[in-house]
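1. predicted model and sequence follow; I will ask about them next.
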Amino acid sequence: MSCLSDSWYCSSFFRRSMTRGYEDLAFQAFSQILIGTTNKYMVNLEWYRTFKAIYQYGTLTRASQELMVSQPNVSIQLASLESYIGQALFIRMPRKMVPTEYGKQLYTQIVEAIDNLERVEAEFKRTVLNKAPSIRFGTPSELFYDYLAEHIGEQKDLHLTVEYGLADKLTEKLISHDLDIAIITRQSKSEDSLTYEPLFTESFMIVCNTGTDTEAFDNLVGANDLPAVEKWLKNQKWYAYDNNLPLIRRFWRESFKKRPILKLHAVIPDNDAILKAVANSDVLAVSSDLIAGKALEQNKVKVLWKGATAATNTLYLAYNKDKIQPQYVEKIKLFILKHIDIGL
């Protein structure tokens, strides 16, 4: 017969083990009962919390005050635990509860586990009471890495679960409620359930290695000879985010009013990696004051040309106003604007 299949047998086994001095064996059996290996006879964890409080405070009255329950409930829970174990855990004195030997041994076995449980519970309550919700926050990876990651520890009243992605992916996740809020590089024209708040406007530019000799190109730009400028650029090698050339196309359309025809040296789906590649080669790329801000500040790359006409893009803070409270939107917005500065 398994001792976990019959509560009377378990109680008897516990008593015999304690009597014979097999404390470890008794606790092993008792621990199995505690974690509820059987569904038929499940011990109530509150019994142990009550037992611990009585043991530490010495009276039913003090224990009930500590647990914030009535004294009759404390008495019932203690009686239930003693009945379950089959032994008295306290000697009832007029003004004090004195632990028996069984009570002392049980206390030493469970106190650490109960303390740990109470610490977890207290931390959880502290988080809830301090209104530190878990916000699922979407953002382009380079934006978070370059500007926000180093400051994330300052957000004591918010717990952010960060997810990287481009505009389409982040928008889909906002619509499906898999994200609460996100930095989006363009609005969805087909989705009206989302609110878009403008954050800032980035300006695009061609960047190159800081050691690149740009004198000939600078002369063409100075002469405002756009056909010659375009010809010079078309003869260079380029890095792009993908084969559709999204940033290059936007820049080219503003300056030359046409689609680009360029020689791609490599396609790299990571803007930070593109900047690193530019810094170590003679290959060009289109970036923005937002994406390349840190690299420009650190003199890793330089601006070759900002274009004949400024090519810009507005970034938005997107969210469903029915799914996130306004104060959390404001907190996240202030956090972003505080640490992202593109006034180059």
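-> Structure's in. What do you need?

2. and the residue nearest the centre of the protein?
-> Nearest to the geometric centre of the chain sits residue 161, at 2.3 Å (CA atoms, centre = their mean).

3. just the element for it, please.
-> Using DSSP states H and E, residue 161 maps to strand 159-164.

4. below-threshold pLDDT in the stretch 1-150 of the chain: ranges please.
-> Within the stretch 1-150 of the chain, the stretches with pLDDT under 70 are 1-43, 125-132.

5. redo that, cut-off 90
-> Low-confidence segments of the stretch 1-150 of the chain, defined by pLDDT under 90: 1-46, 65-68, 85, 94-95, 113-134.

6. looks like the residue nearest to the centre of the chain contacts residue 136 (just checking).
-> Yes: in this structure, residue 161 is within contact of residue 136 by CB atoms under 8 Å, at 4.9 Å. In this view, the C-beta of every residue, glycine as well, is placed from N, C-alpha and C.

7. buried residues, stretch 77-95. List them.
-> By 16 or more other CB atoms under 10 Å, the buried positions in stretch 77-95 come out as 77, 78, 81, 82, 84, 85, 87, 89, 90.

8. okay, and which of those residues map to helices?
-> Among the buried residues of stretch 77-95, DSSP state H puts 77, 78, 81, 82, 84, 85 in helices.

9. what strand or helix carries the residue sitting furthest away from the middle of the chain?
-> Each residue of the chain has a distance to the centre, and by CA atoms, centre = their mean the biggest one is for residue 94: 54.0 Å. Per DSSP H and E: residue 94 is located in neither a helix nor a strand.

10. how close does it get to residue 59?
-> 10 Å (CB to CB, to the nearest Å).

11. strands paired with the longest strand that the chain contains, and their directions?
-> Counting by DSSP state E, the longest strand found in the chain is strand 195-209. Strand pairing for strand 195-209, using DSSP bridges, gives strand 285-288 (antiparallel), strand 301-305 (antiparallel), strand 312-319 (antiparallel).

12. just so I know, which of the ones you listed lies nearest residue 197?
-> strand 312-319 (4.5 Å; CB to CB).

13. buried set for that closest one?
-> For strand 312-319, by 16+ other CB under 10 Å, it's 315, 316, 317, 318, 319.

14. what mean pLDDT does stretch 303-310 get?
-> Throughout stretch 303-310, pLDDT has a mean value of 96.

15. and that stretch, how far from the chain's centre?
-> On the basis of CA atoms, centre = their mean, to the nearest Å, stretch 303-310 sits 38 Å off its chain's mean C-alpha point.

16. now stretch 151-163
-> 7 Å.

17. can you give me the helices in the stretch 151-300 of the chain?
-> 167-175, 215-222, 226-234, 246-256, 271-279, 293-297 (DSSP state H, counting those that start in this stretch).

18. need the ones you listed in JSON lines (columns: mean neighbour count and mean pLDDT).
-> Formatted as JSON lines, the helices of the stretch 151-300 of the chain follow (neighbours: other CB atoms under 10 Å; pLDDT from 0 to 100):
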{"stretch": "helix 167-175", "mean neighbour count": "18", "mean pLDDT": "93"}
{"stretch": "helix 215-222", "mean neighbour count": "13", "mean pLDDT": "96"}
{"stretch": "helix 226-234", "mean neighbour count": "15", "mean pLDDT": "97"}
{"stretch": "helix 246-256", "mean neighbour count": "19", "mean pLDDT": "95"}
{"stretch": "helix 271-279", "mean neighbour count": "21", "mean pLDDT": "96"}
{"stretch": "helix 293-297", "mean neighbour count": "17", "mean pLDDT": "93"}
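
19. out of these, the one nearest residue 324 is which?
-> Each of the helices of the stretch 151-300 of the chain was scored for nearness to residue 324 using CB to CB, and the closest is helix 167-175 (10.0 Å).

20. can I get that closest one in PDB? Just the C-alpha atoms.
-> These are the backbone C-alpha positions of helix 167-175, laid out as PDB (Å, rounded to 0.1, in the frame of the first residue of the first chain):
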ATOM      1  CA  ALA A 167       6.200  48.300 -39.100                       C
ATOM      2  CA  ASP A 168       4.100  45.600 -40.600                       C
ATOM      3  CA  LYS A 169       4.900  42.900 -38.000                       C
ATOM      4  CA  LEU A 170       4.400  45.300 -35.100                       C
ATOM      5  CA  THR A 171       1.100  46.600 -36.500                       C
ATOM      6  CA  GLU A 172      -0.200  43.100 -36.900                       C
ATOM      7  CA  LYS A 173       0.700  42.300 -33.300                       C
ATOM      8  CA  LEU A 174      -1.100  45.500 -32.100                       C
ATOM      9  CA  ILE A 175      -4.200  44.600 -34.000                       C
END
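
21. can you state the direction angle for it and strand 312-319?
-> Helix 167-175 runs at 20 degrees relative to strand 312-319, counting by axes from the mean of the first three to the mean of the last three CA atoms, to 10 degrees.

22. so where's the longest helix in this protein?
-> Per DSSP H, the chain has its longest helix at helix 101-129.

23. given the helix or strand just after it, what are its sheet partners and their directions?
-> Downstream of helix 101-129, the next assigned helix or strand under DSSP H and E is strand 134-139. Using DSSP bridges, the strands paired with strand 134-139 are strand 159-164 (parallel), strand 181-184 (parallel).

24. alright, calling it a day.
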